[in-house]
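Student: A structural model of the following input is requested.
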Amino acid sequence: EGHGREEEAVPGADLSRTVGWFTTVFPVRLDVGDVDLDEVFGAGPAAGTVLKSVKEQLLAVPGKGLGYGLLRHLNEETAAVLAPYSTGQIAFNYLGR
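Tutor: Here you go, the predicted model:
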C-alpha cells in the first residue's frame, strides 16, 4: 500500500493543492531470504536485515506499483487476467524513506 501521490507519473502534475491521500494497493511478492524467522520475530538482528531487504524490494517496484491499478482496473483485457488472483495474504504499508 502506498500514498498514491506519484507526481512523476504525469509530467508537470502538481498535487500540492489537493486534499487527502490517494491510496494505492498492489500485490508484490517479497523474498525474506534465508534468515532465522525465530530471530526475526524475537526482534533480533535478523529483523533489521529483513526490514531492509523488504524496503529495497519495494523501492524496486516499477512506478511504485501504479501500473498494477491501470492494468487491473482500466484495461479490459488485462483486468480479466488479473481478476482471479488474490490481493495478497498480508498488507505491508511502508511510507518511510
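Student: Give the next helix or strand downstream of the host helix or strand of residue 67.
Tutor: Remark: residue 67 resides in helix 66-69, with elements defined by DSSP states H and E. Where DSSP H and E defines the elements, the next helix or strand beyond helix 66-69 is helix 76-82.
Student: same question for the longest helix along the chain, mean pLDDT?
Tutor: If you go by DSSP state H, the chain has its longest helix at helix 45-59. The pLDDT scores in helix 45-59 average 91.
Student: Summarise which helices and strands it is packed against.
Tutor: helix 37-41 (3 or more CB pairs under 8 Å, 6 or more residues apart in numbering; DSSP states H and E). C-beta here means a position set from N, CA and C on the backbone, and glycine is covered the same way.
Student: residues of the helix it packs on that come out buried?
Tutor: Using 16 or more other CB atoms under 10 Å as the test for burial, helix 37-41 gives residue 40.
Student: Can you show me the CA trace of that helix as CSV?
Tutor: The C-alpha atoms that make up helix 37-41 are tabulated as CSV, following Å, rounded to 0.1, in the frame of the first residue of the first chain:
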residue,chain,number,x,y,z
LEU,A,37,12.5,-16.4,11.5
ASP,A,38,12.5,-17.0,15.2
GLU,A,39,15.2,-14.4,15.4
VAL,A,40,13.2,-12.0,13.3
PHE,A,41,10.0,-12.4,15.4
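Student: what helices or strands is it leaning on?
Tutor: helix 45-59.
Student: what's next to the worst-scoring helix or strand of the chain on mean pLDDT, contact-wise?
Tutor: Ranking every helix and strand in the chain by mean pLDDT, DSSP states H and E puts helix 66-69 at the bottom, with a mean of 83. Helix 66-69 is contacted from outside by 4, 6, 9, 24-27, 82, using CB atoms under 8 Å, 6 or more residues apart in numbering.
Student: same deal with stretch 19-35?
Tutor: Under CB under 8 Å, 6+ apart, the answer for stretch 19-35 is 1-6, 40, 46, 49-50, 53-54, 57-58, 61, 64-66, 68-69, 85-88, 91-92.
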